[in-house]
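Colleague: Quick one: sequence plus predicted model below, questions after.
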Amino acid sequence: MSQSPLEPAFEGAAAEAYRAAWAALNKLVRRGYSWSGREQNCAFLNLAGSGFANVSGVSGFDFPDDARALALADWDGDGDQDLFLTNRTSPRLRFLRNDQAGTNAHVTLELAGTRANRDAIGARVELAVHEPAGGVRRLVRGVRAGEGYLAQSSGRLSVGLGPAGTTLQRVEVRWPGGAREVFEGVQPGAAWRLVEGSGRAAPLALLRSKPLPTGAVAPAPVPSVVRVPLVRPVPLPRLAMASADGSELALFGIQPGGTGQGTGRPLLLTLFSTTCAPCALELAELAGRASELERVGLAPLALSVEPLAERERAADFLRARAWPWPWAVATGETLEVLDALVASLLDTEERLGLPASFLVDARGALRVLYLGPVMPAQVLADRDLCELGEGALFDSASPFPGRWMFPGLPSDADFLEPRLRARGLEAAAAEYGRGRLAVVRTAPADLLQDFGRQSAVAGRLEEAEGFFRRALAADPRHFGALFDLAVLLHRQERISAAAELYGKALALDPEHADARFNLALARLQLGDRAFAERELRWLEARGVQSAALLREVLAAPPAPR
């Protein structure tokens with residue numbers, strides 16, 4: 001990899017080489033290579049002027065991880081340094097507890113600045129150590145911000161002093177800014193807090209860590225299937241295949257406007273090969289739960305990856321598993337399209353392995369990827385994802401609950417078209433491109449918003465609120481539904497809820513003057529005059545007519561309570 005340039009702005013051949021090196025490195029990572037070549041971690045022992053000894057193996061440090069950062073901390077309060085390692089590869093975090101058997105003396109110091117910065121970053125501590133055999137050694141430690149790459153070690157200084165019986169003759173701190181201060185009362189074998197200007201050490205109580213498992217810890221089992229629920233349905237382009245009798249057929253397709261063309265019911269598309277043992281397991285398990293899958297309206301389709309000339313062998317393979325549903329043979333281009341879609345969605349260049357399954361909704365949009373042999377129980381549990389709007393789908397796809405903000409995401413066409421075109425898949429890329437065409441089309445959220453407006457005009461406010469909320473369940477980034485619901489709540493004097501929705505609407509369209517005006521009024525009603533005055537300046541700077549009205553409201557005396 002090229003060295004990072006020293007100049008903030010750089011051009012020419014050096015710049016191109018630097019960018020090309022990063023592109024090549026990222027390409028290797030996407031192909032499954034390690035960032036650092038799977039080099040084992042190293043630990044070196046300082047031999048006090050005689051060089052360093054490689055103690056990687058005896059220290060237990062030589063994991064073949066793709067390590068990125070190291071942080072030191074006295075986790076268990078025993079005076080020695082324990083280590084935390086983060087990796088690009090699994091496990092993402094390792095904790096190495098330092099349990100050396102020894103009797104050496106130690107001391108822990110925590111510095112606190114008063115005139116200097118609070119954490120005393122930049123302070124230098126000098127310790128004069130009196131050894132049992134006579135003589136005085138000087139140890140120097142510094143308080144640093146940052147520890148190597150992407151890491152911050154503990155701000156406390158854990159200092160090894162030497163053999164048991166070692167005493168401290170003098171502890172001096174040079175604070176950031178240059179002031180020097182000697183601290184009395186520091187004794188080995190304990191923790192002390194040194195406050196700038198106090199001149200005397202105060203005992204520091206260390207929180208004891210919770211006990212950790214001893215001995216080797218068994219690694220978590222690698223899952224046999226990787227399940228990837230998508231946060232947004234992705235319509236599938238036309239997939240060509242041949243039926244069991246050799247006749248041509250096709251599934252899916254993208255219509256102008258970006259909508260998919262489905263089969264009218266959810267479908268589980270499973271790629272298989274007759275030489276793939278996990279495929280045999282998956283297909284047999286699915287066949288054994290056929291009645292349950294049919295009951296929830298799910299239609300599995302087995303898709304052979306082997307040449308059409310081998311379809312008799314594929315038929316025998318499926319008969320041996322009592323496969324009760326249709327099956328087909330994928331064309332080479334269909335397999336390339338599926339491989340390219342998975343690679344794009346997962347940001348990888350590794351080829352798609354077998355088995356691989358795709359849960360597709362009734363409208364032809366991909367909802368869940370399964371990489372590996374998926375079992376029927378998981379498919380049955382995921383069946384309901386085919387009916388969810390984007391907001392609820394986002395919650396279901398996330399591994400943890402939360403409240404979400406929805407930034408503007410690139411369209412399927414913007415994201416997938418260039419990636420498919422780069423793979424030479426022109427027909428599939430063109431389908432996503434056609435999705436950009438403007439058509440007269442009403443999305444579910446648009447319809448629900450229209451129904452909500454009609455109900456509001458008719459005075460059926462509760463009904464209107466229900467329509468607006470259903471619209472947002474279908475599309476949480478629907479500006480019109482957010483704004484209309486906020487206005488409805490505002491008129492009902494539900495000010496806090498209205499202000500929150502105005503804020504979400506403005507996150508989607510920060511230049512919307514009406515939303516800014518209404519939010520200013522709502523925040524003013526909540527007592528935040530400073531916010532309303534800031535919004536007034538924004539409106540006036542853009543010559544918005546409502547600025548004059550907001551100025552009048554701000555100038556009026558407050559209403560009596």
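Modeller: Done, it's in. Keep in mind that what you see is a predicted model, and the values were worked out from it rather than measured.
Colleague: what mean pLDDT does stretch 458-465 have?
Modeller: The average pLDDT for stretch 458-465 rounds to 91.
Colleague: Now do the buried residues in it.
Modeller: 464-465 (16 or more other CB atoms under 10 Å). To be clear about C-beta, it is placed using only N, CA and C from the backbone, and glycine gets the same treatment.
Colleague: Only C-alpha atoms, please: export that stretch in PDB.
Modeller: This file holds the C-alpha atoms of stretch 458-465, laid out as PDB (Å, rounded to 0.1, in the frame of the first residue of the first chain):
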ATOM      1  CA  ALA A 458     -64.300  15.800   6.900                       C
ATOM      2  CA  GLY A 459     -63.500  16.300  10.600                       C
ATOM      3  CA  ARG A 460     -62.800  12.600  11.400                       C
ATOM      4  CA  LEU A 461     -59.500  13.400  13.100                       C
ATOM      5  CA  GLU A 462     -59.000  10.000  14.900                       C
ATOM      6  CA  GLU A 463     -59.500   8.200  11.600                       C
ATOM      7  CA  ALA A 464     -57.100  10.700   9.800                       C
ATOM      8  CA  GLU A 465     -54.400  10.000  12.400                       C
END
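Colleague: quick one: the strands in the stretch 301-450 of the chain?
Modeller: With strands called from DSSP state E, counting those that start in this stretch, the stretch 301-450 of the chain shows them at 327-330, 356-360, 365-371.
Colleague: between those strands, which gets nearest to A116?
Modeller: strand 365-371 (53.9 Å; CB to CB).
Colleague: gap between the closest one and the chain center?
Modeller: Distance of strand 365-371 from its chain centroid, counting by CA atoms, centre = their mean, to the nearest Å, is 19 Å.
Colleague: Let's see that strand as PDB, backbone CA atoms only.
Modeller: Taking Å, rounded to 0.1, in the frame of the first residue of the first chain, the C-alpha atoms of strand 365-371 are listed here in PDB:
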ATOM      1  CA  ALA A 365     -39.000  -8.200  -3.900                       C
ATOM      2  CA  LEU A 366     -36.200  -9.900  -2.000                       C
ATOM      3  CA  ARG A 367     -36.700  -9.800   1.800                       C
ATOM      4  CA  VAL A 368     -34.200 -12.300   3.300                       C
ATOM      5  CA  LEU A 369     -31.000 -14.000   2.200                       C
ATOM      6  CA  TYR A 370     -30.000 -17.300   3.600                       C
ATOM      7  CA  LEU A 371     -26.400 -18.400   3.000                       C
END
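Colleague: The helix or strand hosting A287: which residues count as buried?
Modeller: For A287, the host element (DSSP states H and E) is helix 277-288. Neighbour counts over helix 277-288 (16+ other CB under 10 Å) mark 278-280, 282-283, 285-287 as buried.
Colleague: Am I right that N98 falls within a helix?
Modeller: No: counting by DSSP: H, G, I helix; E, B strand; the rest coil, N98 falls outside a helix, being coil.
Colleague: Going along the chain, name the helices of the stretch 401-550 of the chain.
Modeller: Here the stretch 401-550 of the chain has its helices, by DSSP state H, counting those that start in this stretch, at 412-422, 426-434, 444-457, 461-474, 479-491, 495-508, 513-525, 529-541, 546-555.
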